[in-house]
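> prediction below, plus the sequence it came from.
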Amino acid sequence: MSNPLTKQLKRLLGIDTLQEKYAYAQDPIYGYISESRVADRWVKTTCGYCSVGCGMLLGVRDNKAVAVRGDPDHPVNLGKLCPKGLSEHHILSAPGRAKQPLLRKNGGLVPVSWDEALNTMVSRIRDIQARHGDESLGVIGTGQLLTEECYTLGKLVQLGFRTRNNDGNTTLCMASAVSGYKLSFGSDGPPGSYTDMENADVIILIGANIADNHPILCHRVDRTSPGVKPRQLIVVDPRVTKTAMMADIHLAVKPRSDIALLNGIAHILIREDLIDHDYIAQHTTGFQELVDQVAAFTPEHVASITGLAEEQILEVALMYGRASAAFIGWTMGVNHSTQGAVTVTAINNLALITGNIGRTGAAPFSITGQCNAMGTRETGFTASLPGYRKYENGEDREALARIWNIESDRIPSARGLAYPDIIEGAVQGRIKALWFIATNPAVSFPNYKLLEHALRSVEFLIVQDGFHPTPTSEFAHLVLPAAIWGEKEGTYTNSERRVSKVNPAVLPPGEAKSDFQIFLEIAKRLGVGDELYPDWASTHDAFLEWQRVSAGRMCDYSTFTWQQIEDAGGVQWGGASLYRDGIFPTPDGRARLHVVPCDSFVEQPDIDFDFILNTGRTVEHWHTRTKTAEVAQLNDMVPNAWLEMNPLDAKRLDLKPHDRVTIRSRRGAVTDVELRITGIVAPGQVFMPFHFSESNSNIVTLGAFDPISREPNFKQCAVRVERTGLRDRTTSSNRRR
């Protein structure tokens, strides 16, 4: 009988049969490797998973991707890759790839030609808009597209289809960081760089489990290697994450008490005079209002809210205030909240009052989610106009109109509906057509029942994706097969504003086309192709126009070419640090300090739903597993969801390790999930990864959103946990099959 570990090792080595284990070849860099992984050529590119932006070499033989290596010369990762990156070549030939257009006829999806697919799409949308208005169309893009494709799509939706209702799945992860930056600094754009982590004296990570979410960044905070600058790592997280295990200090705050902690640190910094008076006076406004507000956040008061000891709060505040350079990073633990945007401003407050911004090692830094979430923020016509321009600013609209040679009144003076409001609009009947591009909301959107209602309510649903079937494409009236990473050319921008080149290594499967090609063909059928994309033939044409649009803006791409990006291993717009001169893109050039109230999270536990559910990622999977579920070695490592529970709670409920449990909220239930009993989570809290459609955590999560950013509150909702009954277990098993 074959050992499961042996099977997994064989897959990792690319060995498909026992006989092949003897078939090796000598590689000049890596020594002996499986013959099945020997490449004819290596293509330099950038990883298509998270926002770290790792450089890699994609090995190709006979038009098939056979291997991946980290690029040793790329400044982001210096040859290192995480498990997803190391196996990324497998997704290009995965069995779940979408290969031909499908149109729903007589209740089923059937293959059709591209002409029929796109002609039907355009005619159906035009008919719907004629009957219900231009804004009856809603479009949801993605941070998985190339920057050039994001830009092309934005023009098509806003100027071609003439609907403002255009957003991206990045709203589900990064909108609060965007809004918080705008509130504090007047513009989006992370102020710092990865190198700041290496040069800081103190690093605070809030709600950021980089060991699972952005593993290559762990090397930036490592303090154990010889020659590394001494620094302190503080992790703020309710759960004892892998990152918390690396920390010098872990602040296990109660869920959603981070605002109290941040206000408390500000209180101590002001009380102990560990603030930069000159910087505050010259570069900020609102300081006295902040002083008045945080006066109540004494260590004693903050301890009562956070569950921390007063001594811990004081120690961390003094460490931050006395550091010559201090860095605060965060991800979804901050953003996924009804108070996400203002929590970001509370982080920015600390940086501003201590002058920890605009210099090496000192920054408030949002660690972005997807590989090109930054590209969508810069170009995508969603929360702002391209180049971080404002919809409401007439001069901004005029500037774009001159570049595009159109009348400025064609450019909207206000943004349309955000992602959750587009979905709500579909439920209410205002949105009649939906177009999803490279995203899987049937798994990723909060409150699944509402999302399902929306998908079933619209007259026409288009799903454009590199994979089919997905839980979302099964609802579609039209499926458009798209090329993915490894099959198209352009750029991604990572969390530190580094623009990196993305190159094609193989051809798309079957009849799949690049998203860029699909957009141009739709524009042609709309009759706007020549106007919006004059003489465009490739994504490089989009890049050249984007250079003109971004010239002189904060996110200026005009000073470097594709070749320069390639040669340099990526180029950071704005340099290593923004705001070095202390001048901010606000009317008076000053940053804003904000008063941030500490409110309880929306749905508190009670006698019926006595646990607080937290959700997050595992290192082996990506988002909704559209890609990683198709990679055998990743899926074998973590094939199913689980629920973590503290031993005290398990004893109270008479539950044992590996019991099958059901998680219930006021909205629904996730059944037949494996229970893991562990001290990683505190009593009264449970944790579940969100990747799995079969055990979709968003059946129970709350449909509550930040009023400023419109980002969902994925992280806290009230649930109860019970042993799964036999009937529920059988039903769940059948659903998985």
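Happy to help now that I have it.
> CA atoms for contacts and neighbours, from now on please.
OK.
> count the residues that sit near D273.
12 (other CA atoms under 10 Å).
> how much space separates it from G321?
Note on D273: its distance to G321, by CA to CA, to the nearest Å, is 9 Å.
> go on, G616?
As judged by CA to CA, G616 and G321 stand 31 Å apart.
> okay, these two: which has more neighbours?
G321 (28 against 18).
> how about residues contacting whichever strand or helix holds that one?
If you go by DSSP states H and E, G321 is part of helix 310-322. The contact list for helix 310-322 (CA atoms under 8 Å, 6 or more residues apart in numbering) reads 202, 234, 251, 261, 264-266, 268-269, 274-275, 299-300, 302-303, 326, 354.
> hey, what's L251 bridged with?
Beta-bridge partners of L251, counted by DSSP bridges, are V236.
> wait, isn't it in contact with L308?
Yes - using CA atoms under 8 Å, L251 is in contact with L308, at 7.0 Å.
> those two: which is more packed in?
Taking other CA under 10 Å, L251 and L308 do not tie; L251 has more neighbours (23 against 18).
> identify the residues contacting the more buried one.
For L251, the contacting residues are 234-238, 308, 312, by CA under 8 Å, 6+ apart.
> can you tell me which of the contacts of helix 310-322 are in helices?
Among these, the members found in helices (DSSP state H) are 261, 264-266, 268-269, 299-300, 302-303, 354.
> quick one: these as a markdown table, columns for distance to D115, neighbour count and pLDDT too.
Putting the ones in helices among the contacts of helix 310-322 into a markdown table (distance: CA to CA, whole Å; neighbours: other CA atoms under 10 Å; pLDDT from 0 to 100) gives the following:
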| residue | distance to D115 | neighbour count | pLDDT |
| --- | --- | --- | --- |
| L261 | 58 | 27 | 98 |
| G264 | 61 | 25 | 98 |
| I265 | 61 | 26 | 98 |
| A266 | 60 | 29 | 98 |
| I268 | 65 | 24 | 98 |
| L269 | 64 | 22 | 98 |
| P299 | 66 | 23 | 98 |
| E300 | 68 | 15 | 98 |
| V302 | 62 | 24 | 98 |
| A303 | 64 | 21 | 98 |
| T354 | 60 | 27 | 98 |
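> which one of these is nearest T624?
Distance to T624 across the ones in helices among the contacts of helix 310-322 (CA to CA) is lowest for L261, with 32.1 Å.
> who's in contact with the closest one?
If you count contacts by CA under 8 Å, 6+ apart, L261 has them with 302, 306, 313.
> ok, of those, which one's closest to V681?
Nearest to V681 among the contacts of L261: T306, at 15.2 Å, using CA to CA.
> pLDDT at the closest one, what is it?
With respect to pLDDT, T306 has a value of 97.
> these two touch, right, it and S257?
Yes - proximity of T306 to S257 meets the contact threshold set by CA under 8 Å, at 5.3 Å.
> strands along the stretch 301-450 of the chain, start to end?
In the stretch 301-450 of the chain, the strands defined using DSSP state E, counting those that start in this stretch lie at 326-330, 363-366, 433-437.
> now the ones you listed as a markdown table including mean neighbour count?
Shown next, in a markdown table, are the strands of the stretch 301-450 of the chain (neighbours: other CA atoms under 10 Å):
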| stretch | mean neighbour count |
| --- | --- |
| strand 326-330 | 26 |
| strand 363-366 | 29 |
| strand 433-437 | 23 |
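> adding distance to E566 and mean pLDDT, write the ones you listed out as JSON lines.
Output for the strands of the stretch 301-450 of the chain, formatted as JSON lines (distance: least, CA to CA, whole Å; pLDDT from 0 to 100):
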{"stretch": "strand 326-330", "distance to E566": "28", "mean pLDDT": "98"}
{"stretch": "strand 363-366", "distance to E566": "25", "mean pLDDT": "97"}
{"stretch": "strand 433-437", "distance to E566": "27", "mean pLDDT": "98"}
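> and of these, who's closest to F611?
Taking these one by one with CA to CA, strand 326-330 is closest: 24.6 Å.
> give me the contacts around the closest one.
Contacts for strand 326-330 (CA under 8 Å, 6+ apart): 196-197, 200-208, 320, 347, 356, 361-367.
> quick one: strands adjacent to it?
Strand 326-330 pairs in its sheet with strand 202-206 (parallel), strand 363-366 (parallel), by DSSP bridges.
> may I see the buried residues of the lengthiest helix in the chain?
Using DSSP H to define each element, the chain has its longest helix at helix 114-132. Neighbour counts over helix 114-132 (16 or more other CA atoms under 10 Å) mark 114, 117-118, 121-122, 125-126, 128-129 as buried.
> list the residues that contact the residue positioned nearest the centre of the chain.
Central residue of the chain (CA atoms, centre = their mean): G369, 2.6 Å from the mean position. Shown in contact with G369 (CA under 8 Å, 6+ apart): 50-51, 170, 173-174, 331.
> residues of the helix holding G321 that come out buried?
Buried residues in helix 310-322 (16+ other CA under 10 Å): 310, 313-314, 316-322.
> redo the residues you listed as JSON lines? Include distance to P226 and pLDDT.
Output for the buried residues of helix 310-322, formatted as JSON lines (distance: CA to CA, whole Å; pLDDT from 0 to 100):
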{"residue": "E310", "distance to P226": "34", "pLDDT": "98"}
{"residue": "I313", "distance to P226": "30", "pLDDT": "98"}
{"residue": "L314", "distance to P226": "30", "pLDDT": "98"}
{"residue": "V316", "distance to P226": "25", "pLDDT": "98"}
{"residue": "A317", "distance to P226": "28", "pLDDT": "98"}
{"residue": "L318", "distance to P226": "27", "pLDDT": "98"}
{"residue": "M319", "distance to P226": "23", "pLDDT": "98"}
{"residue": "Y320", "distance to P226": "24", "pLDDT": "98"}
{"residue": "G321", "distance to P226": "27", "pLDDT": "98"}
{"residue": "R322", "distance to P226": "25", "pLDDT": "98"}
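> any stretches of this protein with poor pLDDT?
Within the chain, the segments meeting pLDDT under 70 span 1-33, 726-737.
> quick one, helices of the stretch 101-250 of the chain?
Ranges of helices in the stretch 101-250 of the chain, per DSSP state H, counting those that start in this stretch, are 114-132, 147-155, 175-185, 195-199, 210-213, 218-221, 242-246.
> closest one to H89 among these?
With distances scored as CA to CA, the stretch of the helices of the stretch 101-250 of the chain nearest to H89 is helix 210-213 (19.8 Å).
> I'd like the distance from the closest one to the chain centre, please.
13 Å (CA atoms, centre = their mean, to the nearest Å).
> that one: which residues count as buried?
Residues 210-213 are the ones in helix 210-213 that count as buried (16+ other CA under 10 Å).
> can you tell me how far the residue nearest to A551 when sequence neighbours are not counted is from Q564?
Excluding its sequence neighbours, the residue lying closest to A551 (CA to CA, 6 or more residues apart in numbering) is S558, at 5.2 Å. For S558, the distance to Q564 equals 12 Å [CA to CA].
> of the two, which one has the most company?
Legend: neighbour count by other CA under 10 Å for S558 and Q564, higher for S558 (18 against 14).
> so what's the more buried one up against?
For S558, the contact set (CA under 8 Å, 6+ apart) comprises 547-548, 550-551.
> can you tell me the helix or strand for it?
Short version, using DSSP H and E: S558 is in no helix or strand.
> kindly provide the distance from it to R397.
With distances taken as CA to CA, S558 is found 19 Å from R397.
> kindly report the same for V342.
Taken as CA to CA, the span from V342 to R397 is 28 Å.
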